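Visitor: Provide a 3D model corresponding to the input given below.
(one chain, ligands or ions: 3)
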Amino acid sequence: MHKLLLKQLQQYCKDAGLETQQAALLQAISDSYDQHELDRKVLDNALVLTSKELNERTLLLRTQLRTLSDTQDQLQKSLTALNATFDTTGEIILALDNTGRLLKSNKMGKELLPDIAKYEGKPQAISWQNVRKMLLNPWHLSEMTDALQKQPSAHIKGTLHFTNGRIFEYHSLPQLQNDTLIGRVWCLRDATEEKKIEEFIHHQAYHDALTGLPNRSFLLEKIETIIKEHPHDDKKIAIIFLDLDNFKKVNDTEGHEAGDQLLRTATKRMRNCVREADVLARLGGDEFVILIESDISQSGLMRMSANILESLAKPFLLNNHNHFISCSMGISIYPRDDTAPDGLIGKADMAMYRAKKMGKNNFQFYSEELERLALHQLEFEHNLRYAISNGQIEIYLQPEIQVSSGKIVAAEALARWIRPDGTLIPPVQFIGVAEQANLISGIGRIVFDKVCAEITRWKQQGINNITVAINLSAHEFKDADLADNIQNKLLEYDVRGDNIVLEITESLFMEDKESVLLTMNQLRAIGIRFAIDDFGTGYSSFSYLQDLPIDYLKIDRSFLIDVTHNKKKYAIARSIIDIGNHLDLQVIAEGIEDQETLDFIIQNQCGMAQGYLMYRPMSRDDFLALLLQKKAES
Ligand code: C2E
Ligand code: MG
Ligand code: MG
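Guide: Numbering: from 1, shown residues only. Ligands and ions are numbered 1, 2, ... in the order given. All right, here's what the predicted structure looks like:
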């Protein structure tokens, strides 16, 4: 029994009987107290345990909370770093969801593409229609969306050209969550400057710095591309190879700067003659090529070439002097003449060479015949060289009369090539070739020799009053020793200078005027006089009539053919005679074939005449016989 209860019972229940009866009860109560005590002890124990567990849990929770807070801090730091990176990167970054809404844009995006970045956080998707309007290459957007429709998780890239001039290169990556596409991230890089530099370098590599025209590489690639695009020869391309005549002379006499200026001016003039779609390229030096891609007829090509000839024949003002150049052109056609870019240019070049040989300032179409001619030309040159050194060059003499008296006062020496078989080749067939092949001085020396020999022969027959006109080409004037050589020859034959008239043409005045004047004055000092041959057919400028020592004007035959029936020719011929007379020059009418023309020049006070009506060119012996006959008659 519980001690406390027993004590209490002993105090209050002194009756032994009762004591016994109550003992069981008391025992039961005592047991229940014991039980209670036990229970309380168990409860106490349990409480202690629970409290301990609670403490432990609290501790754990605290630790976990701290870790969470640390993680949160770290997360915040990472986010800040991420945002900073996001904003400081030079690229535009745009994050879009699957519906095309802009979830986030970085600072660069807001700065450079404000019209797109303004959609950030908005419920509506970016309007591609608006973006398309901002592009110079809107088709690229369609290609891109098509590609994404076919393969939504594709990694794509490309270039967008904006109407404000900026160029962006982009790449776009899919954003996946548990293998599910939830959107896309777009990175755009402003490549404007880079592209400009790239374009500049490309331009430099494919263009000529002086004129800004495409160069040979560009031209070859362009032709190659066209040919590749039309492999079945279903397209015609024309190539015009153009080479300026007399450019080197301007460059040498006026300096390189003037030469450069001439090339730029010539470029502008040529540009004006070709169409927008045609490619005008400079191969280098004074060589240009025009590539005509669009279909153009033969007559169209001829018109274009004629326009170019005309525009380049106009004077070029350099260092305050007018300079005259012309050009020679050759034309080849794809696929007729060649099917390779190099071949086409080569054939046009060959045709150009032919145009040069034919006296410059003209154009030629390539043909197989032309190729044969080029070969023939080489052979011809070779034969001419042989003819010059083997006595096959002869002179014929054509009398010139004084109109008032009808007397022979002069003769023009005209070169002839007499082949061993007796065939006679006229000068039009070989003078041009001789000029091109640097053989003209050789011919000039032979003519001069023969003229001097004839004058000596006439003298021996008592004929002293015949002047002989000798044709001198501009090429011969280039020889600095010309005056000395002529003077020596006159001394050798004992011929007076005033027996000789040198016929020069207006083309000579396209040469360096100073040196021409020097030579002319040297020759004039020994009595030689000058005639302007074919007057009016060249680049007539009256200034040289004033500045240069000229004595004769020869009216070109072209102005006298049909002169009495053609009002314009009538006016020109009369004016030339008037100019000559007013300047105290002897005027000689060339190519008089009929009485009507002779009457015209008589009426108009032309001093001298030459033509088939009076006499044809004749051999030296025939001429001497004629002179002797005239002498006997007088
Ligand atoms: P050019 O100096 O104008 O000579 C006049 C040409 O007209 C000559 O032709 C002559 O035969 C021709 N002719 C004269 N009268 C008449 C006529 O009534 N009717 C026609 N249809 N023709 C007439 P050619 O001898 O054939 O000489 C042609 C050109 O060759 C000359 O034209 C001259 O520029 C050049 N030439 C001739 N000989 C020489 C030379 O020794 N040196 C140089 N550099 N050129 C020469
Ligand atoms: Mg002449
Ligand atoms: Mg003439």
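Visitor: what about the closest residue to residue 267 other than its chain neighbours, neighbour count?
Guide: Using C-beta to C-beta, 6 or more residues apart in numbering and skipping residues adjacent in sequence, the residue nearest residue 267 is residue 211, 4.4 Å away. Glycine gets a C-beta too; all of them are placed from N, C-alpha and C. Using other C-beta atoms under 10 Å, residue 211 has 20 neighbouring residues.
Visitor: tell me who's in contact with residue 211.
Guide: 263, 264, 267, 282 (C-beta atoms under 8 Å, 6 or more residues apart in numbering).
Visitor: among these, which ones are buried?
Guide: Among those, those buried by neighbour count (16 or more other C-beta atoms under 10 Å) are 263, 267, 282.
Visitor: from these, which ones fall inside strands?
Guide: Within those, residues falling in strands by DSSP state E are residue 282.
Visitor: for the buried ones among the contacts of residue 211, which one is nearest residue 547?
Guide: Residue 547 has its nearest neighbour among the buried ones among the contacts of residue 211 in residue 263, at 28.4 Å by C-beta to C-beta.
Visitor: state the helix or strand in which residue 599 lies.
Guide: Using DSSP states H and E, residue 599 maps to helix 595-603.
Visitor: sec struct for the residue nearest to residue 267, please.
Guide: Under DSSP: H, G, I helix; E, B strand; the rest coil, residue 211 falls in the coil class.
Visitor: distance of it from residue 376?
Guide: With distances taken as C-beta to C-beta, to the nearest Å, residue 211 is found 36 Å from residue 376.
Visitor: on that earlier part again, nearest to residue 149, of the buried ones among the contacts of residue 211?
Guide: Taking these together and measuring to residue 149 by C-beta to C-beta, the closest member is residue 282, at 48.1 Å.
Visitor: hmm, that closest one is touching residue 288, no?
Guide: Yes: here residue 282 lies in contact with residue 288, judged by C-beta atoms under 8 Å, at a distance of 5.4 Å.
Visitor: shared neighbours of those two, anything?
Guide: 213, 267.
Visitor: poorly predicted segments of the stretch 401-550 of the chain, please.
Guide: Scanning the stretch 401-550 of the chain for pLDDT under 70 picks out 511, 539-540.
Visitor: near ligand 3, which residues of it?
Guide: By the rule C-beta under 5 Å from the ion, the part of the stretch 401-550 of the chain lying against ligand 3 is 533, 534.
Visitor: related to what we said a few turns ago, got the phi/psi numbers for the residue nearest to residue 267?
Guide: phi -100, psi -10 (degrees, to the nearest 10).
Visitor: could you measure from it over to residue 287?
Guide: 12 Å.
Visitor: equivalent analysis for residue 523, please.
Guide: For residue 523, the distance to residue 287 - C-beta to C-beta - is 37 Å.
Visitor: and of the contacts of residue 211, the nearest to ligand 1?
Guide: Comparing these against ligand 1 with C-beta to the nearest ligand atom places residue 263 closest, at 30.4 Å.
Visitor: next, count neighbours for the residue nearest to residue 613 when sequence neighbours are not counted.
Guide: Leaving out its chain neighbours, the residue that sits closest to residue 613 by C-beta to C-beta, 6+ apart is residue 592, at 4.9 Å. By other C-beta under 10 Å, 23 other residues sit near residue 592.
Visitor: same check on the one 4 residues further on?
Guide: Applying other C-beta under 10 Å, we find 13 residues neighbouring residue 596.
Visitor: spatially nearest residue to it (excluding sequence neighbours)?
Guide: residue 564 (5.2 Å).
Visitor: hang on, that neighbour packs against residue 573?
Guide: No: between residue 564 and residue 573 there is no contact under C-beta under 8 Å: 9.7 Å.
Visitor: TSV for the buried ones among the contacts of residue 211, including distance to ligand 2?
Guide: As requested, the buried ones among the contacts of residue 211 are exported to TSV (distance: C-beta to the ion, whole Å):
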residue	distance to ligand 2
263	34
267	37
282	38
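Visitor: and of the buried ones among the contacts of residue 211, the nearest to residue 391?
Guide: Closest to residue 391, out of all of the buried ones among the contacts of residue 211 and judged by C-beta to C-beta, is residue 263, at 44.9 Å.
Visitor: max-length helix in the chain?
Guide: The helix that spans the most residues within the chain, counting by DSSP state H, is helix 16-88.
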